[in-house]
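> Fold the following for me, if possible:
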Amino acid sequence: MLFTDIVGSTDLAASLGDRAWRDLLAAHHAAVRRELRRFGGREVDTAGDGFFVTFGQPAQAVRAADAIAIAVTELGISVRAGLHTGEAEAAGQKIGGIAVHIASRVMSAAGPGEVLVSGTLRELVAGSGLDFSDRGVHELKGVPGEWRLWALVRDVAEADQAAIAGVRVPEPRSARPSLPLPDRPSIAVLPFTNLSGDPEQDYFADGIVEDIITGLARIKWMFVIARNSSFAYKDKAVDVKRVGRELGVRYVLEGSVRKSSNRVRIAAQLIDASFGTHIWADRYDRALDDIFAVQDDLTISVVGIIEPTLRQAEIERAKRKRPDSLDAYDLYLRALPFAFTAMPQDADKALALLERAIEFEPDYAAAHAIVAWCHEQRYLRGGLHEQTRQAALRHARKAIAAGNDDAAALATAAFVVAVVDSDFEAATAAFDRSFALSSSSALALGFSSIVRAWRGDDVTAVEHGERAIRLSPFDPLLYLPYVGLAYAHFAAGRFDEAAIAAGRASQSNPKFTMPHVLHAAALHNLGRDEEATTLLDRLRELEPQLTVGTAIRSARYVDPAKNAELGDALRRAGLPE
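Take a look at the predicted model:
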């Protein structure tokens, strides 16, 4: 029994819009069904973006799951797959029972692009040529006991499929000694394959790879392999898992370049070399009007999307570690999802983890920055306690002092300084240092967009917000640039645009109340009072004590007239004083 679904489908659907999502879903369904026909799977049920399929032969089921995971990367998406075997109950066309439930839960434990199987199924396919990596013991929701799960090792499965299809598999290269993984996310960017048939395009492809390496190297929390080591694999058939072992990296980025007439297409995919699983894949089409501008644009796009993608992959990895084996970095990663909601009740959960991280590593700039942000959340929406404000400032200043080479830490601390101390000069200086380190940090651009809007620099606020969204359209922190756009458009009297941006911010982070505040005010100013009232009802559910006064405290417009305009709109819409 095989279950699959698209990773991040809710956020993807919201960002693409109904029509584009329907088109993508249709292409996904077609790709899945094509592979099911090839491997003899029987489609039992399809719900939204998920499939439930049965097979007569377990090895074919695993190979089908792997083929599906690979096929959909051409669409720029990832699926997770889970398999189990056992007796099931048939009722007409429906199949149910505990074994079906277990297969579904195995899928839920899988990461992006990953094929997970139960121990029972793994034993059944012994001797089939399929190889698996131990993913440890898991508790499956609604299933008694603990279950050991196994991840398919993709390079072996792909070799088997290639052999079945009559494709020649390159002989393995002589292995180099394995290197240990560093204590932070590590990545190698391999030379992109030139598919154009034109040797001159090698220069263009190599230039993009070199720029991507340089861009990633500016992100302090990443360990990036230098160009000379990565390019040792140029023009060679590579096994990604072997590359990971030989270079001592957890992640590998590979891709291709195809030029046709005056257009170029770049395809890239990010792979977890430990398991051979795909984390992210996308393609970029550009007109070659200015080859250097295109190279810069593609580099910024790829670097911008890799940062949050790797961050999320690292968070998921940290969640799988035993509590007694956590170090400062793991604790920091585990805290991020709580900090990212931007609400005080979750900030408390994040702080418990972050304080332990700082005990391990007192000068950890990134941890100090998130601690500062958590205290800012508790200060602004937790009673304006001076002790909390001072804690936010103290940690923000530590992050700025220790984060000379950490763009994200500088930007987060800059935002906190602007909020709790209204020191926009110091905040702008920290933002400028952040951008000098990395011009492709969506997080820095999102925070900057909000602060620029508060200062009255609507043009820069909109520019930074739109750049952040373009760089990282599926980032969990996507709400930050949308909030910046909402503030900027509201201040400029563009209430239609403000309502749209605020609505999208709420879709990205439903717990955060400030987008609802801006949305309700914009809707009132557009004369859409019934919709504004509905939003205020939702606001009261999220934050029962919210008033006009507490809402305005979160709006830090330097111009008091803008704060007054926002307050008047909320008051007239029905928010209590």
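> Break down the stretch 51-200 of the chain into its strands, ranges please.
For the stretch 51-200 of the chain, the strands defined by DSSP state E, counting those that start in this stretch occupy 79-83, 89-91, 94-96, 115-118, 132-139, 146-152, 186-189, 193-194.
> measure the residue nearest to residue 375 when sequence neighbours are not counted to residue 555 for me?
For residue 375, ignoring the flanking residues on the chain, the nearest one in space by C-beta to C-beta, 6 or more residues apart in numbering is residue 392 at 3.6 Å. (Glycine included, C-beta is placed from N, CA and C.) Residue 392 sits 18 Å away from residue 555, going by C-beta to C-beta, to the nearest Å.
> before we move on, what about residue 518?
With distances taken as C-beta to C-beta, residue 518 is found 8 Å from residue 555.
> more crowded one of these two?
residue 518 (31 against 21; other C-beta atoms under 10 Å).
> okay, the more buried one: pLDDT?
We have a pLDDT of 93 for residue 518.
> List the contacts of it.
Shown in contact with residue 518 (C-beta atoms under 8 Å, 6 or more residues apart in numbering): 483, 486, 487, 490, 498, 501, 502, 505, 566.
> give the contact list for residue 34.
Per C-beta under 8 Å, 6+ apart, neighbours of residue 34: residue 71.
> now it, what's its secondary structure?
At residue 34 the chain is in helix, as set by DSSP: H, G, I helix; E, B strand; the rest coil.
> ok, it to residue 64 distance?
From residue 34 to residue 64 the distance is 11 Å (C-beta to C-beta).
> Mind checking the strands of the stretch 51-200 of the chain for the one nearest to residue 48?
strand 79-83 (12.5 Å; C-beta to C-beta).
> And the next helix or strand past the longest helix seen in the chain?
Longest helix of the chain, by residue count under DSSP state H: helix 291-319. Remark: after helix 291-319, the chain's next helix or strand is helix 328-339, criterion DSSP states H and E.
> sorry, back to before: just to check, the residue nearest to residue 375 is in contact with residue 380?
No. The pair residue 392 / residue 380 is not scored as a contact, 9.2 Å apart, by C-beta atoms under 8 Å.
> nearest residue to residue 135 other than its sequence neighbours?
Counting by C-beta to C-beta, 6+ apart, residue 135 lies nearest to residue 149, which is 4.6 Å off, once chain neighbours are set aside.
> Contacts only, for that neighbour.
By C-beta under 8 Å, 6+ apart, the contact list for residue 149 reads 106, 109, 116, 117, 118, 119, 135, 136, 137, 138.
> Residue 220 too?
Residues 366, 403, 405, 406, 407, 408, 409, 437 are the ones in contact with residue 220 under the rule C-beta under 8 Å, 6+ apart.
> Pick out the most distant pair among those residues.
366 and 437 (13.1 Å).
> quick one: low-confidence parts of the stretch 1-150 of the chain?
Scanning the stretch 1-150 of the chain with the threshold set as pLDDT under 70 gives 15, 91-93.
> And the average pLDDT for the longest helix of the chain is what?
78.
> Can you flag the buried ones in the contacts of residue 220?
Buried by 16 or more other C-beta atoms under 10 Å: 366, 403, 406, 407, 408, 409, 437, out of these.
> Closest one to residue 44 out of these, please.
Closest to residue 44, out of all of those and judged by C-beta to C-beta, is residue 408, at 44.6 Å.
> Assign the closest one to helix, strand or coil.
Residue 408 - assigned by three-state DSSP - is helix.
> list the contacts for it?
Per C-beta under 8 Å, 6+ apart, neighbours of residue 408: 219, 220, 221, 366, 369, 434, 441, 443, 444.
> how about a cut-off of 6 Å?
Residue 408 is in contact with residue 443, counting by C-beta atoms under 6 Å, 6 or more residues apart in numbering.
> Now do it against residue 196, distance only.
Distance from residue 408 to residue 196, counting by C-beta to C-beta: 36 Å.
> Mind checking which of residue 392 and residue 380 has more residues around it?
Neighbour count, other C-beta under 10 Å: between residue 392 and residue 380, residue 392 has more, with 26 against 21.
> and the host helix or strand of the more buried one, how far from the chain's centre?
Following DSSP H and E, one finds residue 392 within helix 386-402. Relative to the centre of its chain, helix 386-402 is centred 27 Å away, using C-alpha atoms, centre = their mean, to the nearest Å.
> What residues sit buried inside that helix?
Using 16+ other C-beta under 10 Å as the test for burial, helix 386-402 gives 388, 389, 391, 392, 393, 395, 396, 397, 398, 399, 400, 402.
> again, but for stretch 45-58
For stretch 45-58, a neighbour-count test (16+ other C-beta under 10 Å) marks 49, 50, 51, 52, 53, 54, 55, 58 as buried.
> Can you pull out the residues in contact with it?
For stretch 45-58, the surrounding residues in contact (C-beta under 6 Å, 6+ apart) are 1-6, 9, 32, 41-44, 61, 85, 121, 124-125.
> Pull up the distance across that stretch, start to finish.
Taking C-alpha to C-alpha, to the nearest Å, stretch 45-58 runs 19 Å from one end to the other.
> out of the contacts of residue 149, who has the most neighbours?
Busiest of the contacts of residue 149 [other C-beta under 10 Å] is residue 117, holding 30 neighbours.
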